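In: how would this look folded up:
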Amino acid sequence: MAALQAADIPESPGVYALFRDGERLYVGKADCLRDRVWKNHCGRGAVMTGSAMRRNVAERLGIAPAAEIKARRYQPTPEQVRAVGTWLEGCEIAWVQCDTKAVAKASEDALKAEYRPPLTKR
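Out: This next block holds a predicted model:
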């Protein structure tokens, strides 16, 4: 993800997956892949309420429970935000464009059921 640019990401509905060391860790769907992946997941802002992926990475790194961050009961420090960003930079992300939002949702559900990615809450 370190080399990813907004222009690389299509502006269409789709499903995406985060990988690290070949392991699928997260699956999500997007009404607009560029908005979801670039603006929410690749963001560097301290507020993580818009990105379950970033919150779940924070939890995996032992920073705080994802639910506490989402509810704004815990605000990650700048160092913790950088740790999440650095961890994500070591990952790869792939996506599949879908014709409709409904197809993206069905694809997300199928991938979550099949792979049960550890960073995706079910």
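
In: tell me, how many residues neighbour the closest residue to R20 other than its chain neighbours?
Out: Counting by CB to CB, 6 or more residues apart in numbering, R20 lies nearest to C91, which is 4.6 Å off, once chain neighbours are set aside. Heads up, the C-betas are built off the backbone N, CA and C, glycines and all. Using other CB atoms under 10 Å, C91 has 19 other residues around it.

In: E108 is in what secondary structure piece?
Out: With the criterion set as DSSP states H and E, the secondary-structure element containing E108 is helix 101-115.

In: next: V27.
Out: Following DSSP H and E, one finds V27 within strand 23-30.

In: what are the contacting residues of that strand?
Out: The contact list for strand 23-30 (CB atoms under 8 Å, 6 or more residues apart in numbering) reads 13-19, 36-37, 52-53, 56, 91, 95, 101, 104-105, 107-108, 111-112, 115, 117-120.

In: could you do stretch 83-98 as well?
Out: By CB under 8 Å, 6+ apart, the surrounding residues in contact with stretch 83-98 are 1-2, 4, 9-10, 12-20, 25, 30, 33, 37, 41-42, 44, 48, 53-54, 57-58, 61, 63, 76, 104, 107.

In: show me where the protein has its strands.
Out: For the chain, strands defined by DSSP state E occupy the ranges 14-20, 23-30, 92-97.

In: reformat those as TSV; add distance to Q80, mean neighbour count and mean pLDDT.
Out: Putting those into TSV (distance: least, CB to CB, whole Å; neighbours: other CB atoms under 10 Å; pLDDT from 0 to 100) gives the following:
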stretch	distance to Q80	mean neighbour count	mean pLDDT
strand 14-20	18	21	97
strand 23-30	19	21	95
strand 92-97	21	16	96
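
In: dump those strands into TSV; add distance to R72 as well.
Out: Below are those laid out as TSV (distance: least, CB to CB, whole Å):
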stretch	distance to R72
strand 14-20	24
strand 23-30	21
strand 92-97	26
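
In: to R82, which of those strands lies closest?
Out: Ranking the strands of the chain by distance to R82, with CB to CB as the measure, places strand 14-20 first at 17.5 Å.
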